[in-house]
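Asks: fold the following and give me the result.
(chains A and B)
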Number of protein chains: 2
Amino acid sequence: MNEEQKRTDINTLGEFGLIKQLIAPFTIKNASTVVGNGDDGAVIYSRDKQFVVSTDLLIEGIHFDLMYVPLRHLGYKAVIVNLSDIYAMNARPTQITVSIALSNRFSLEALEELYAGIRLASEKYEVDLIGGDTTSSQKGLVISVTAIGEVSPEKYVLRSTAREGDLLCVSGDLGAAYLGLQFLEREKKIFMENPNIKPDLENQAYLVGRQLKPEARRDIITYFEKNEIIPTSMIDISDGLSSEILHLCDQSGLGCNLYEEKIPISEEVRTAAYTFNLDPTMCALSGGEDYELLFTIPQEDYEKVKDDINITVIGYMTALHEPAVIITKGGNVHELIAQGWNAFRKP
Amino acid sequence: MNEEQKRTDINTLGEFGLIKQLIAPFTIKNASTVVGNGDDGAVIYSRDKQFVVSTDLLIEGIHFDLMYVPLRHLGYKAVIVNLSDIYAMNARPTQITVSIALSNRFSLEALEELYAGIRLASEKYEVDLIGGDTTSSQKGLVISVTAIGEVSPEKYVLRSTAREGDLLCVSGDLGAAYLGLQFLEREKKIFMENPNIKPDLENQAYLVGRQLKPEARRDIITYFEKNEIIPTSMIDISDGLSSEILHLCDQSGLGCNLYEEKIPISEEVRTAAYTFNLDPTMCALSGGEDYELLFTIPQEDYEKVKDDINITVIGYMTALHEPAVIITKGGNVHELIAQGWNAFRKP
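Replies: Reported below is the predicted structural model:
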């Protein structure tokens, strides 16, 4: 890295100057954004839509490690994880607010990198930055994003409305983000021990990309709309498949049968899992951060999804008070347990 | 303080158990809250209203000091400062999301105190808690609140729409929260030097109360509605009168004449200012955290506000490119400068 880069002390700008400079390049894209940034609040309005609201807090040292997460990617990901929640309600994200707290070890140029990533995501997903707060912290970087989306009235999809017999489906493939993280952690450890060794991540572009620059599944929501599918329940996969299936089961009051052989796992994940002596299925079940969509559809909609390469049927919902189980490739039946990422888990 | 209080380690609950327990006592009060907590997002809808969105980030050691801020008050204030922004748009707050990051030095009981304050504010101001995030931090407490409000279409009030000749008005009185803070800081210093000396704040209930438990001016918005007043511009006073007047002037492209003798300052503020060898007017101009409303009205609305004890006319807006000035009691004219609280100001 070029250490001769320009470094502007953020203290020289003041809070208002800083916000103005960071927000200047953003444009408004949605008709529902009546008033954007620059006042006590933003104004949003849509006569024909309902709004969906979701929020996430990202803390340095807990949710991200700036040793290997570039600020531009971090800004991008901070937006994506919130958009993913909006899609998981079957809605389209339209606005975001972004609040940042940072210590004065960050320069204006570093902040601009972070906002470049935020802008990239907001342009790609066509959401408007309508507000936020920028302040200092005693230690570390804090990012708080609130996302707002629009959905046609009564078209939103909850976690609690799956029905017995519904097919359990997932988008994309699972476990990649978790294995990407394992490579990043390994290279960090090597680098800490010997800073002269260059990180070797070239062959892991897919896995590392899934960790550092995830995407939200807008395409799946579009597919639903085109094919007149309204899932009976939906959730996004941030904490691992197990944990999210258990949320759907708990909140819908149902059990489920999950088939191990059906879980979509890429070749890259299988290869990498063996490198780390991990079970690929466990990576999918407990890895997290895939930001895929997990949803249920009525059996009569099977024809509508069976040929789509982005959607895999992995099981079905069973009766009230049945357990949530995984049927292994060997035919064994195990109860699903949530070993997903827990922010309060002791190290 | 009773050190024998129950202390439940938050690690024993896990993220989901923790959120459930904290959120259980909250009830839904607004028709526009279609879906509240417990899913990927909340759903809000109002056919006849526009929504206003505002967000604030509060960081321990920057925005609050737990040495003298009780957690219940902190929770209350974190909500109030956001509601104040919604009122400053001439809207009525209806929903909030609250995200918390905290280190494991906090017990469940401490968090419950914080949420008791959040609940108190949300009940008093009739807003629904519709979402949030609870996670750990490496150090200190972080609170991120997003507030949503409703306003009849086109009734929202911006900072940028004041007109020449409009009367500049302020609600309540100014400078009290700043002087309350001075007392708290003084008692903290005394306590640090000698922990056996009891804090002496009994006679400063008004000032300390304004600092620790501020209110948002819902009554003023109600008064506007009853008296058919729509301010031409409005902002809430979080950073001190000077700073906020300059925002209105800058964003409206106007100047203003502010009369020192008109600035509403309570007897408690005058007395306390002299105790600290401060100028009461400076406390009002630069103190901040009063959460009063600063607004402009057309001259023809003067009759509607002149007899209201909660509203004071303190000056008027002057022509484009005129400066923003204060006319002192002695008849001198000084340009207003913003010395308000700046999160990035060096100590």
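Asks: how is chain A divided into domains?
Replies: Listed by automatic domain parsing, the domain ranges of chain A are A:10-151, A:167-335.
Asks: which of those sits closest to B:S243?
Replies: Nearest of the domains of chain A to B:S243, taken as C-beta to C-beta: domain A:10-151 at 8.9 Å. For glycine as for every other residue, the C-beta is placed from the backbone atoms N, C-alpha and C.
Asks: which stretches of the stretch 151-300 of chain A form helices?
Replies: Listed in chain order, the helices found in the stretch 151-300 of chain A under DSSP state H, counting those that start in this stretch are A:176-193, A:205-212, A:218-226, A:241-252, A:267-275, A:280-286.
Asks: can you lay out these as CSV showing distance to chain B and mean pLDDT?
Replies: Formatted as CSV, those follow (distance: least, C-beta to the nearest C-beta, whole Å; pLDDT from 0 to 100):
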stretch, distance to chain B, mean pLDDT
helix A:176-193, 17, 93
helix A:205-212, 19, 95
helix A:218-226, 13, 97
helix A:241-252, 7, 96
helix A:267-275, 25, 96
helix A:280-286, 14, 95
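Asks: in TSV: the ones you listed, plus mean neighbour count.
Replies: Formatted as TSV, the helices of the stretch 151-300 of chain A follow (neighbours: other C-beta atoms under 10 Å in any protein chain shown):
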stretch	mean neighbour count
helix A:176-193	18
helix A:205-212	20
helix A:218-226	18
helix A:241-252	22
helix A:267-275	17
helix A:280-286	23
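Asks: could I get those helices as CSV with distance to B:K304?
Replies: Shown next, in CSV, are the helices of the stretch 151-300 of chain A (distance: least, C-beta to C-beta, whole Å):
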stretch, distance to B:K304
helix A:176-193, 59
helix A:205-212, 58
helix A:218-226, 49
helix A:241-252, 51
helix A:267-275, 68
helix A:280-286, 63
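Asks: please identify the most buried of the domains of chain A.
Replies: Of all the domains of chain A, domain A:10-151 has the most neighbours on average by mean count of other C-beta atoms under 10 Å in any protein chain shown, namely a mean of 21.
Asks: show me what contacts the closest residue to A:G180 other than its chain neighbours?
Replies: Distances taken as C-beta to C-beta, 6 or more residues apart in numbering or on different chains place A:Q211 nearest to A:G180, at 3.1 Å, with adjacent residues excluded. Contact analysis of A:Q211 by C-beta atoms under 8 Å, 6 or more residues apart in numbering or on different chains lists A:176-178, A:180-181, A:184, A:289.
Asks: what's the closest of the residues you listed to B:I143?
Replies: Taking C-beta to C-beta as the measure, B:I143 lies nearest A:E289 of the contacts of A:Q211, at 24.9 Å.
Asks: how close does the nearest residue in space to that closest one that is not next to it in sequence sit to A:Y274?
Replies: Of all residues not flanking A:E289 in the chain, A:A177 sits nearest, at 3.9 Å (C-beta to C-beta, 6+ apart). Per C-beta to C-beta, to the nearest Å, A:A177 is found 18 Å from A:Y274.
Asks: and what of A:L168?
Replies: Separation of A:L168 from A:Y274 (C-beta to C-beta): 27 Å.
Asks: same check on A:G331?
Replies: For A:G331, the distance to A:Y274 equals 23 Å [C-beta to C-beta].
Asks: just A:E261 next, same as before
Replies: Applying C-beta to C-beta to A:E261 and A:Y274 gives a distance of 18 Å.
Asks: same check, this time on A:E268
Replies: The gap separating A:E268 from A:Y274 is 11 Å, by C-beta to C-beta.
Asks: is the residue positioned nearest the centre of chain A within a helix or a strand, and which one?
Replies: Nearest to the mean C-alpha position of chain A, by C-alpha atoms, centre = their mean, lies A:V81 at 3.1 Å. Element membership of A:V81 [criterion: DSSP states H and E] is helix A:71-87.
Asks: so that helix versus helix A:218-226, what angle?
Replies: Computed by axes from the mean of the first three to the mean of the last three C-alpha atoms, to 10 degrees, the angle separating helix A:71-87 from helix A:218-226 equals 20 degrees.
Asks: who in the stretch 101-250 of chain A is up against chain B?
Replies: Neighbours of chain B within the stretch 101-250 of chain A, by C-beta under 8 Å from any C-beta of the partner chain: A:101, A:104, A:130-140, A:142, A:144, A:146-149, A:151, A:153, A:156, A:158-160, A:234-236.
Asks: re earlier: residues contacting the residue nearest to A:E289?
Replies: A:207, A:210-211, A:214, A:287-291.
Asks: at 6 Å instead, please
Replies: A:A177 is in contact with A:210-211, A:289-290, counting by C-beta atoms under 6 Å, 6 or more residues apart in numbering or on different chains.
Asks: which members of those are the farthest-apart pair?
Replies: The most widely separated members of the contacts of A:A177, counting by C-beta to C-beta, are A:Q211 and A:D290 (9.7 Å).
Asks: what ranges do the strands span in the stretch 101-250 of chain A?
Replies: A:128-136, A:142-151, A:167-171, A:233-236 (DSSP state E, counting those that start in this stretch).
Asks: tabulate the ones you listed (TSV), appending mean pLDDT.
Replies: What follows is the strands of the stretch 101-250 of chain A, written out as TSV (pLDDT from 0 to 100):
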stretch	mean pLDDT
strand A:128-136	92
strand A:142-151	97
strand A:167-171	98
strand A:233-236	98
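Asks: poorly predicted segments of chain A, please.
Replies: For chain A, applying pLDDT under 70 flags the ranges A:1-5, A:13-16, A:339-347.
Asks: hang on, A:T8 packs against A:L108?
Replies: Yes: the pair A:T8 / A:L108 is scored as a contact, 3.8 Å apart, by C-beta atoms under 6 Å.
Asks: minimum distance to B:C256: which of the strands of the stretch 101-250 of chain A has it?
Replies: strand A:128-136 (25.8 Å).
Asks: by contact count, what packs against that closest one?
Replies: strand A:92-102, strand B:50-59 (3 or more C-beta pairs under 6 Å, 6 or more residues apart in numbering or on different chains; DSSP states H and E).
Asks: the longest one packs against which elements?
Replies: The elements that strand A:92-102 packs onto, with contact taken as 3+ C-beta pairs under 6 Å, 6+ apart, are strand A:128-136, strand A:142-151, strand B:50-59.
Asks: no further queries at this time; thank you.
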